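Visitor: turn this into a model:
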Amino acid sequence: MSTKQPAKNTPNTRDHSPTRSAAWNLFKKVMLFMIFSLVVNHLATRESFPDGESYRFPLEGFLSSLALCTFIGIIAYLNFKFYERKYFSKKVEIKSISWYMVTTLGYITIMYIPLGILLNKIAGGETEFYYLLTGLLVTLLVSFILIGFAYSLDIYNLYKLSIKDAEITIESGATITKLSYDNIACFYSENKIVYAVQKDGKTITSDFTLNALEEKINDQLFFRGNRQIILHKDAVDHIEKIENGKLRVQLKTAIENKAIHNITISRYKREAFMNWFQ
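Guide: This is a model prediction of the structure:
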């Protein structure tokens, strides 16, 4: 696909999040927080049990817990948008998800302590460290549960998008081509020129370097086999053990360059390659 408009060599993902879907996702999160607040407050005391003779709606507790959930939700939302832009748009893995949870709980902790002291001051009470610590621990537990329920589907959708629907824009002189990850067999370098090889064997020249590509593409799908090639996991036909602990990898796609068709993985990269492939 050719065009006269300039574009950068950057990976892109297709837009599957229209405004209506974003609004619906936000509405579901708000409803989750409200239902959680209702359930917690109705289970907090015997008088709040719906089947009790002295039942009364726990309005004060509901409003206070709803305010707490809103506070948690705002922090979780802002941090999620940051991680989505900086990390999840490229790759979704256990490490980045864990750091998202840790940093979100850390921000809640940082905000909770001075806010708790301030509210006690306003109410005219004294701040006792034991109750402040207990409230913080309960808040972090509630936060972990709420964030897990609220963002598990979003993270899963981003994971599918980064694996299946991601694409990369490749410039070659005046030509700009978009390739989906699923259609790429490998990238290889020859005579200081980097080529993108599609699954049908078609080769496209690129203005990228392999080092730049390695930083941009999803390393759950692509592996830097050696200084000359980056290969896609689904493009691997078979793997053979050879001398000195090395591996020989043969691709499914037929490539004119035989050195690329049969790729040697050094013994130093062997373990990393097998962990990635498996």
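Visitor: for the stretch 51-200 of the chain, which segments count as strands?
Guide: 166-172, 175-180, 184-190, 193-198 (DSSP state E, counting those that start in this stretch).
Visitor: deepest-packed of those, please.
Guide: Mean neighbour count, computed with mean count of other C-beta atoms under 10 Å, is highest for strand 184-190 among those, reaching a mean of 22. Any C-beta I mention is one placed from the backbone N, CA and C, and that applies to glycine too.
Visitor: all helices for this protein, in order.
Guide: 19-44, 59-83, 94-123, 129-160, 210-216, 258-261, 270-277 (DSSP state H).
Visitor: how close does the residue nearest to V194 when sequence neighbours are not counted get to I230?
Guide: Using C-beta to C-beta, 6 or more residues apart in numbering and skipping the chain neighbours, the partner closest in space to V194 is S206 (4.6 Å). Distance, S206 to I230, using C-beta to C-beta, to the nearest Å: 11 Å.
Visitor: overlap in contacts, the two.
Guide: Overlap of the contact sets of S206 and I230 (by C-beta atoms under 8 Å, 6 or more residues apart in numbering) consists of 187, 213.
Visitor: I'd like the helices of the chain as CSV, with distance to L247, mean neighbour count and mean pLDDT appended.
Guide: Compiled in CSV, those are given as follows (distance: least, C-beta to C-beta, whole Å; neighbours: other C-beta atoms under 10 Å; pLDDT from 0 to 100):
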stretch, distance to L247, mean neighbour count, mean pLDDT
helix 19-44, 44, 14, 69
helix 59-83, 35, 16, 82
helix 94-123, 26, 14, 84
helix 129-160, 28, 15, 83
helix 210-216, 19, 15, 84
helix 258-261, 15, 14, 64
helix 270-277, 6, 13, 88
